[in-house]
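**Q** sequence below, structure please.
(one chain, ligands or ions: 2)
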Amino acid sequence: MNQYLDIAPEIAEALRAGQPVVALESTIVAHGMPYPQNLETAQSVEDIVRDGGALPATIAILDGRLKVGLSPQELQRVAQSPDMVKASIRDIPVLVAAHGNGATTVASTMRIAAMAGIQVFVTGGIGGVHRGASKSFDISADLEEMAESNVAVVCAGAKSILDIGLTLEYLETAGVPVITMGSDIFPAFYSRDSGHKSPFTADSAAEIAAVMRAKWELGLKGGLVIANPIPLADEIPAAEIDRQIQGALVEADTTGYRGKALTPFLLKRVAALTEGRSLVANIALVRNNARLGAAIAVAMAG
Ligand code: PSU
Ligand code: MN
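**A** Ligands and ions are numbered 1, 2, ... in the order given. The predicted structure follows:
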């Protein structure tokens, strides 16, 4: 086992026994939501995964150790301490060498989950190709990682702060199956309809698990995007949130937010401009994803 990895005993044992485990990221906790909603959401997502018959393994970098499975105190630390670096792939070796603290993005959570042997990962939304990427070159490392790590990422699609069409193109190039649960339309996080067709559709966790097994047994390297549309009752239709997203994008541009600071800035501004409505939707969709992720992990173990 990797000398930098700390797998919580309960999770190590479950993995050895082939029992279902679901990885969870920590950037969404440290940089995606305000305190205390971030901590409450992280705890409730862990509970939902357990209720679904799987073990939750929240991933973060603490004191330079790659942690798989956090204690309640460690989760609290991720949710509250101001020194949690937003840690993507490039940050991993730097934080390890400096004994630093990092909240892992989708990309780095996937990589660490794969190191630990976890095949299912639940999050809110994935990073992607930013609008205007032809000039800024801002394409999330999440997409590169999808071609690298054998992990299925359950999400509510991609936010329309991104160019969703280009994000889907990139995933096609990287050979990543994008499967939407129960719909032939790819979802846009707060909204069920991104205006883009989903490359594939599935109607059950078992069907998704069958594709995962086939992919990896064939030796096809890399991940899958499992898009789970936000429940209808929690949805903010695109037409109702587009104006705020546009506003946030213009603000980011004029105030010079770019690089790794851009996504957290946009999330904060959209939450403020919708007077918290986007945060409520965000919490609902992550919880919904936790239910599906647990079901997929159970189907993979069965
Ligand atoms: N999208 C969200 N919420 C999030 C993120 C994305 O709706 O919290 C976070 C995830 O951790 C994702 C990261 O991996 O932002 C992408 O950042 P970047 O675009 O800098 O790669
Ligand atoms: Mn970026």
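
**Q** near ligand 2, which residues of the protein show up?
**A** With CB under 5 Å from the ion as the criterion, the chain meets ligand 2 at residues 138, 140. C-beta here means a position set from N, CA and C on the backbone, and glycine is covered the same way.

**Q** what sits against the spatially most central residue of the chain?
**A** Centroid-nearest residue in the chain: residue 123, 3.2 Å away (criterion: CA atoms, centre = their mean). Each residue near residue 123 by CB atoms under 8 Å, 6 or more residues apart in numbering is listed here: 24-25, 28, 106, 109, 153-155, 286, 289.

**Q** please name the nearest non-neighbouring residue to residue 293.
**A** Setting aside the residues directly before and after it, residue 293 is nearest to residue 122 in space (CB to CB, 6 or more residues apart in numbering), at 3.6 Å.

**Q** in what helix or strand does the most far-flung residue of the chain relative to its centre lie?
**A** Here the chain reaches farthest from its C-alpha mean at residue 254, the gap being 27.8 Å by CA atoms, centre = their mean. Following DSSP states H and E, one finds residue 254 within helix 238-255.

**Q** can you check residue 267 too?
**A** Under the criterion of DSSP H and E, residue 267 resides in helix 262-273.

**Q** residues of the helix or strand just after that helix that come out buried?
**A** Remark: after helix 262-273, the chain's next helix or strand is helix 277-301, criterion DSSP H and E. For helix 277-301, burial by neighbour count (16 or more other CB atoms under 10 Å) applies to 277-279, 281-301.

**Q** again with stretch 52-72
**A** 52, 54-62, 66-70.

**Q** check stretch 166-182 too.
**A** 166-168, 170-171, 176-181.

**Q** could I get the contacting residues of the closest residue to residue 48 other than its chain neighbours?
**A** Among residues not flanking residue 48 along the chain, residue 290 sits closest, at 4.0 Å (CB to CB, 6+ apart). By CB under 8 Å, 6+ apart, residue 290 lies in contact with 22, 45, 48-49, 52, 122.

**Q** one more time with 7 Å, if that's ok
**A** 45, 48-49, 122 (CB atoms under 7 Å, 6 or more residues apart in numbering).

**Q** what do you get for residue 65?
**A** Applying CB under 7 Å, 6+ apart to residue 65 gives the contacts 4, 6.

**Q** what pLDDT is listed against it?
**A** Residue 65 is assigned 98 on the pLDDT scale.

**Q** how are the strands of the protein distributed by residue range?
**A** With DSSP state E, the ranges of strands along the chain come out as 5-7, 21-24, 55-62, 65-68, 85-87, 102-104, 120-122, 152-155, 178-181, 185-188, 191-197, 200-202, 224-227.

**Q** my guess is residue 89 meets residue 108, correct?
**A** Yes - between residue 89 and residue 108 there is a contact under CB atoms under 7 Å: 5.4 Å.

**Q** between those two, which one's more packed in?
**A** Ranked by neighbour count (other CB atoms under 10 Å), residue 89 and residue 108 place residue 108 first, with 30 against 19.

**Q** tally of neighbours for the residue of the stretch 151-300 of the chain found nearest ligand 1?
**A** For the stretch 151-300 of the chain and ligand 1, the shortest gap (CB to the nearest ligand atom) falls at residue 263, measuring 4.0 Å. Applying other CB under 10 Å, we find 26 residues neighbouring residue 263.

**Q** next: residue 126.
**A** So residue 126, with other CB under 10 Å, has 27 neighbours.

**Q** over to residue 261?
**A** By other CB under 10 Å, neighbour count at residue 261 equals 13.

**Q** quick one: contacts for residue 191?
**A** Neighbours of residue 191 in contact, by CB under 7 Å, 6+ apart: 235-238, 241.

**Q** how does it look with 10 Å?
**A** By CB atoms under 10 Å, 6 or more residues apart in numbering, the contact set of residue 191 is 156-157, 159-160, 229-230, 235-242, 281.
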